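[1] Generate coordinates for the sequence data below:
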Amino acid sequence: MSGEPQTLSPIEILPWDTSFWGFPVARVRGDSLNAGQSRDIDEACAQQNIRCLYFLCGLNDPQSTFQAEVSGYHFADIRMTFLRNLDSHQSLLQQNLRVRRAVSADQIALQELAGLIHQDTRFYYDSHFPRPLTSNLYQTWIKVSLDEASTQVFVAIMNDTLAGYITCSATLVDDDQSIGQIGLVGVASSFQGQGIGSALLTTALKWFQERDLLKVTVVTQGRNYGAQRLYQKHGFMTYAVQLWYHKWFNFQR
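    Numbers count the residues shown, from 1 in each chain. As a prediction, the model looks like this:
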């Protein structure tokens, strides 16, 4: 078959985000940006009627951050990735605290809790996103995690109340090795400072170790100091720091 090779679009359409938010959402391909790329991206967004565009930029890239700022992107969040090598560890649980695998009967309580926390994310801080949907985003996320066979959800129960949760999964990386990933971690505000985050994280690390995984990663927000301290306390080291930008358009659909 002859013909000119097709050029890869500078943006990637995000079907899940588009369906959830109710308007076309895309992401910039790659983590760098210059004036020429910015023009190509805007043209592609116009062609696809994109309403919101995500751009994840390297922290140590002044050209790209400058270009994002002069091209109408606005800063939304700092994305911090932590990495930990797995080794021996132990869990010290309080007598009135237990951690167990989540079951389907936990769904309502999990979704209620997920709708109340995670308010330090880029979606909450960007007022363009409908506020009711930002809470529903994490309620949907925890439900999907509970339903997916490849994801394990653990819950912390204190005094017969669901006080927190953590989600775990394994992802195949380039060298054909699997790496553990922690997705959502949440603790009810009324139970914070009581060791629940540590108990959940320790349980997750044990789950990864039982599956012979050698490394675990977790992502959090730059403004979530509590989560950063929790991960550092349990041996996680900073692996990458990136900047989230959003750009909004008013194209007619």
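[2] isn't residue 184 right next to residue 138, touching?
    Yes. Residue 184 lies in contact with residue 138 (CB atoms under 8 Å); the separation is 6.9 Å. Using the backbone N, CA and C atoms, a C-beta is placed for each residue, glycine as well.
[3] Those two - which one has more neighbours?
    Under the criterion of other CB atoms under 10 Å, the comparison of residue 184 against residue 138 puts residue 138 first, with 23 against 18.
[4] I figured residue 77 hits residue 221, correct?
    Yes. Using CB under 8 Å, residue 77 makes contact with residue 221 at a distance of 5.6 Å.
[5] Strands along the stretch 51-200 of the chain, start to end?
    Under the criterion DSSP state E, counting those that start in this stretch, strands of the stretch 51-200 of the chain are mapped to 52-58, 74-85, 97-101, 152-158, 161-172, 178-187.
[6] Adding mean pLDDT and distance to residue 46, write these out as a markdown table.
    Output for the strands of the stretch 51-200 of the chain, formatted as a markdown table (pLDDT from 0 to 100; distance: least, CB to CB, whole Å):
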| stretch | mean pLDDT | distance to residue 46 |
| --- | --- | --- |
| strand 52-58 | 96 | 11 |
| strand 74-85 | 95 | 19 |
| strand 97-101 | 92 | 48 |
| strand 152-158 | 96 | 41 |
| strand 161-172 | 94 | 34 |
| strand 178-187 | 95 | 34 |
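[7] Now do the longest helix seen in the chain against strand 161-172, angle only.
    Across the chain, the helix with the greatest residue count (assigned by DSSP state H) is helix 131-147. Between helix 131-147 and strand 161-172, the angle formed by their directions is 70 degrees, by axes from the mean of the first three to the mean of the last three CA atoms, to 10 degrees.
[8] I'd like to know which elements helix 131-147 is packed against.
    Using 3 or more CB pairs under 8 Å, 6 or more residues apart in numbering; DSSP states H and E, the elements in contact with helix 131-147 are helix 15-21, helix 107-114, helix 122-125, strand 152-158, strand 161-172, strand 178-187.
[9] out of these, deepest packed?
    Between these, the one whose residues have the most neighbours on average, counting mean count of other CB atoms under 10 Å, is strand 152-158 (a mean of 22).
[10] got a list of contacts for that one?
    Contact with strand 152-158 is made by 94, 96-102, 106, 110, 142, 145-146, 162-169, 187, 191, 194, 196, 199-200, 203-204, 207, as judged by CB atoms under 8 Å, 6 or more residues apart in numbering.
[11] Kindly report the same for stretch 102-113.
    139, 142, 143, 146, 153, 154, 155, 162, 164, 165, 186, 188.
[12] Residue 116 is in contact with the second one, correct?
    Same thing as residue 142. No. Using CB under 8 Å, residue 142 is not in contact with residue 116; the gap is 11.7 Å.
[13] between the two, who's got more neighbours?
    Summary of the neighbour comparison: residue 142 and residue 116, criterion other CB under 10 Å, with residue 142 having more neighbours (25 against 13).
[14] Spit out the contact partners of that one.
    By CB under 8 Å, 6+ apart, the residues touching residue 142 are 110, 111, 114, 153, 165, 167, 184, 186.
[15] tell me the mean pLDDT for the host helix or strand of residue 46?
    Residue 46 is located in helix 35-47, with elements delineated by DSSP states H and E. Per-residue pLDDT over helix 35-47 has a mean of 96.
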